[in-house]
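> Generate a structure from the sequence data that follows.
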Amino acid sequence: MSRMTPAEMAGTIGGGLLSFPVTHFDAQGRFDEAGYREHCGWMLQHDLAGLFAAGGTGEFFSLTPGEVESVVKAAVAETAGKTPVVAGAGYGTAIAVEMAKSAEAAGADGILLLPPYLMFPGQEGLAAHVEAVCKATSLGVIVYNRDNAVLNADTLARLCDRNPNLVGFKDGVGDIELMMQVYARMGDRLTYVGGLPTAETFAPAYLEMGVTTYSSAVFNFVPDFALSFYKAVRERDHATIMAGLRDFVLPYVALRNKGKGYAVSIVKAGMTAIGRSAGPVRTPLTDLNPAEFEELKALIARVQPAPIKLAANG
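Just a heads-up that it's a prediction; the model follows:
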């Protein structure tokens, strides 16, 4: 099976909705490969432009490098070439380089470079970090602009000049001025991915800045809603977009904001709510409390197209 080139990977993910599957854990907190693969297979029954293994929603920050490799291998095996697999990489430069090499060996099609650990480096240091990862792999690399890893337009342009496999820019900052500077400078040299939680909230505005796709965490448990909302965004169907925001997205965001770290916890709770539990989140994250879980179940029932079996939280 031939692997996608960086340009092919970037073009493919830019043409549809992106899946960021949760990572399944068993009762002892170990990676549950069978459960994860089954979930990826279920998601692949829907129309996906890319599957991001061990990303933020997949609790990348709680996985060891060895576990990241196991998750990526499982995703590659399950997708079997149906859609590109993009693997998470991050932490310090040396670890990120090793993760990128590991992902390439595991059969991934691309790298999502998450922010480095703890430090707030300047532009020169960030550029060196990104370039080291790009030089370490032949895969297409997507930089995740957020938190302590915010590249400006000048730095990004220099990196693109020197690294042909730097093909994607995922925005998790929400700085519209910066996003416009990047898009005006780089145009179609990059594929742009919306990465603010919850991405559906920002998707209509971001489309006007060249961001044709985004990472949908809710795809994990309401895939039909996620796809219909994405379709409405791409078609600029204002009425459908606003109905989706009112009925589900904005109440979901309000519930997510009740606890720190809930951007991931609420997704795993949603999985449990539809009878497809992926296990608990790993500490330092915490799961939703029972009242919040009941609120989420009621919210899901508003947009779930078919009756579901509601399981107890846990």
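
> taking the mean pLDDT, what do you get for the helix or strand containing Ala77?
Assessed by DSSP states H and E, Ala77 sits inside helix 65-79. Per-residue pLDDT values across helix 65-79 average out to 98.

> Check stretch 177-197 too.
For stretch 177-197, mean pLDDT is 96.

> starting at the chain centroid, how far to it?
Relative to the centre of its chain, stretch 177-197 is centred 16 Å away, using CA atoms, centre = their mean, to the nearest Å.

> where exactly do the strands run in this structure?
In chain order, the chain shows strands spanning 18-19, 50-53, 85-89, 110-113, 140-145, 166-171, 191-194, 213-216, with DSSP state E as the criterion.

> quick one: the third one to helix 65-79, angle?
For strand 85-89 against helix 65-79, the angle by axes from the mean of the first three to the mean of the last three CA atoms, to 10 degrees is 170 degrees.

> counting contacts, what elements does the helix holding Ala77 pack onto?
Under the contact criterion of 3 or more CB pairs under 8 Å, 6 or more residues apart in numbering; DSSP states H and E, the helices and strands touching helix 65-79 comprise helix 33-43, strand 50-53, strand 85-89, helix 93-106. Quick note: C-beta positions are derived from backbone N, CA and C, even for glycine.

> Please name whichever of those is nearest to Val71.
For the helices and strands packed on helix 65-79, distance to Val71 was read as CB to CB. The smallest value, 5.2 Å, belongs to strand 50-53.

> and that closest one, what other elements does it pack with?
When contacts are defined as 3+ CB pairs under 8 Å, 6+ apart, strand 50-53 packs onto helix 6-13, strand 18-19, helix 65-79, strand 85-89.

> Swap in 7 Å and give it another go.
Applying 3 or more CB pairs under 7 Å, 6 or more residues apart in numbering; DSSP states H and E, one finds that strand 50-53 contacts strand 18-19, helix 65-79, strand 85-89.

> how about the ones you listed in JSON lines, adding mean neighbour count and distance to Ser265?
Supplementary listing: the helices and strands packed on strand 50-53 in JSON lines, determined by neighbours: other CB atoms under 10 Å; distance: least, CB to CB, whole Å:
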{"stretch": "strand 18-19", "mean neighbour count": "27", "distance to Ser265": "19"}
{"stretch": "helix 65-79", "mean neighbour count": "21", "distance to Ser265": "19"}
{"stretch": "strand 85-89", "mean neighbour count": "30", "distance to Ser265": "18"}
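
> Quick check: which of the ones you listed is nearest to Ala7?
strand 85-89 (14.2 Å).

> which other helices and strands contact that closest one?
strand 50-53, helix 65-79, helix 93-106, strand 110-113.

> could you dump the second one to CSV, C-alpha only?
Only the C-alpha atoms of helix 65-79 are listed here, as CSV (Å, rounded to 0.1, in the frame of the first residue of the first chain):
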residue,chain,number,x,y,z
PRO,A,65,5.8,7.6,23.6
GLY,A,66,5.4,3.8,23.5
GLU,A,67,1.7,4.1,23.9
VAL,A,68,1.5,6.8,21.2
GLU,A,69,3.2,4.4,18.8
SER,A,70,0.7,1.6,19.8
VAL,A,71,-2.2,3.9,19.2
VAL,A,72,-0.9,5.0,15.8
LYS,A,73,-0.2,1.4,14.7
ALA,A,74,-3.8,0.5,15.7
ALA,A,75,-5.2,3.4,13.8
VAL,A,76,-3.2,2.6,10.7
ALA,A,77,-4.2,-1.1,10.8
GLU,A,78,-7.9,-0.3,11.2
THR,A,79,-8.1,2.5,8.5
